[in-house]
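Undergrad: next one to model:
(chains A and B)
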Amino acid sequence: AQKVTQAQTEISVVEKEDVTLDCVYETRDTTYYLFWYKQPPSGELVFLIRRNSFDEQNEISGRYSWNFQKSTSSFNFTITASQVVDSAVYFCALSEEKTSYDKVIFGPGTSLSVIP
Amino acid sequence: NAGVTQTPKFRVLKTGQSMTLLCAQDMNHEYMYWYRQDPGMGLRLIHYSVGEGTTAKGEVPDGYNVSRLKKQNFLLGLESAAPSQTSVYFCASSYRGPPTGDQPQHFGDGTRLSIL
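TA: Model (predicted):
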């Protein structure tokens, strides 16, 4: 069973629209970390945010915000007033205490296209 | 600061040929990882290392071998390349994960490998 699910394979929005990327994870650990990474068309992977399982506070960084809900095992990512530069593939990832955090499991990614 | 450097960036092989991908990091990171990225599959962990002289299997280790003789280098070998190994390969490194497990991974730019 996939541990990290990103059900949206591709999303297209018009510039300045808000968009939410979904991430649902599966773990039996009580202690774990969640991450979001961005992969722009140039191909490199860029770290965006990490969140531990004991911190359910939502976080906002500029136009980016993250909504962590343990009750639904979700860690969703919202981009407000999207811009063309936001076009990229976004990956959600999970690391678990039971594997000593050695392995980071990535979701399949969501490809976001922001149309001018 | 070079970060994580992968060589080569592109390579075309014939079925049955062997080759080694090199990953070098200059951040004194303990952990290093090799992933492959295929369309719709996200990043899948091939092998990883938690320190010099150690290696461990990830999700998809078959057909690959690795070595970590020096802390800064992590080599990925294909002994007999197969078309199914056509992929983009990413190397990553991070500070020692435990006990907090919250260290983000730093990625190289990727190696695009085609097996004919």
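
Undergrad: mind pulling the model confidence for residue B:49?
TA: pLDDT, residue B:49: 92.

Undergrad: spatially nearest residue to it (excluding sequence neighbours)?
TA: Nearest non-adjacent residue to residue B:49, counting by CB to CB, 6 or more residues apart in numbering or on different chains: residue B:68, 4.2 Å away. C-beta coordinates here come from the backbone N, C-alpha and C atoms, glycine included.

Undergrad: check residue B:57 too.
TA: Spatially, and ignoring its direct neighbours in sequence, residue B:57 is nearest to residue B:47 (6.0 Å; CB to CB, 6+ apart).

Undergrad: the helix or strand encompassing that neighbour - contacts with which helices or strands?
TA: Here residue B:47, judged by DSSP states H and E, is contained in strand B:42-49. Contacts defined by 3 or more CB pairs under 8 Å, 6 or more residues apart in numbering or on different chains; DSSP states H and E place strand B:42-49 against strand A:104-106, strand B:31-38, strand B:56-57, strand B:65-67, strand B:73-78.

Undergrad: any chance of those strands in a markdown table, with mean pLDDT, distance to residue A:61 and mean neighbour count too?
TA: Converted to a markdown table, the helices and strands packed on strand B:42-49 look like this (pLDDT from 0 to 100; distance: least, CB to CB, whole Å; neighbours: other CB atoms under 10 Å in any protein chain shown):
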| stretch | mean pLDDT | distance to residue A:61 | mean neighbour count |
| --- | --- | --- | --- |
| strand A:104-106 | 87 | 21 | 25 |
| strand B:31-38 | 93 | 25 | 24 |
| strand B:56-57 | 92 | 33 | 14 |
| strand B:65-67 | 97 | 35 | 17 |
| strand B:73-78 | 97 | 31 | 20 |
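
Undergrad: hmm, back to that, how deep is the residue nearest to residue B:57 tucked in, by neighbour count?
TA: 23 (other CB atoms under 10 Å in any protein chain shown).

Undergrad: so which of the helices and strands packed on strand B:42-49 is nearest residue A:13?
TA: Taking CB to CB, strand A:104-106 is the member of these nearest to residue A:13, at 23.1 Å.

Undergrad: just checking: what are the partner strands of the next helix or strand after that closest one?
TA: Note on strand A:104-106: by DSSP H and E, the next helix or strand toward the C-terminus is strand A:110-115. According to DSSP bridges, strand A:110-115 forms sheet pairs with strand A:10-14 (parallel), strand A:88-96 (antiparallel).

Undergrad: what about strand A:110-115, distance to the chain center?
TA: Averaging C-alpha positions (CA atoms, centre = their mean, to the nearest Å) puts strand A:110-115 14 Å from its chain's average.

Undergrad: next, count neighbours for residue A:48.
TA: Neighbour tally, residue A:48, other CB under 10 Å: 16.

Undergrad: what helices or strands is the one helix or strand it maps to leaning on?
TA: Using DSSP H and E, residue A:48 falls within strand A:46-52. Packing partners of strand A:46-52 (3+ CB pairs under 8 Å, 6+ apart): strand A:32-39, strand A:59-61, strand A:64-69.

Undergrad: picking that back up, contacts only, for the residue nearest to residue B:49.
TA: Contact partners of residue B:68, counting by CB atoms under 8 Å, 6 or more residues apart in numbering or on different chains, are B:32, B:49, B:51-55, B:74-75.
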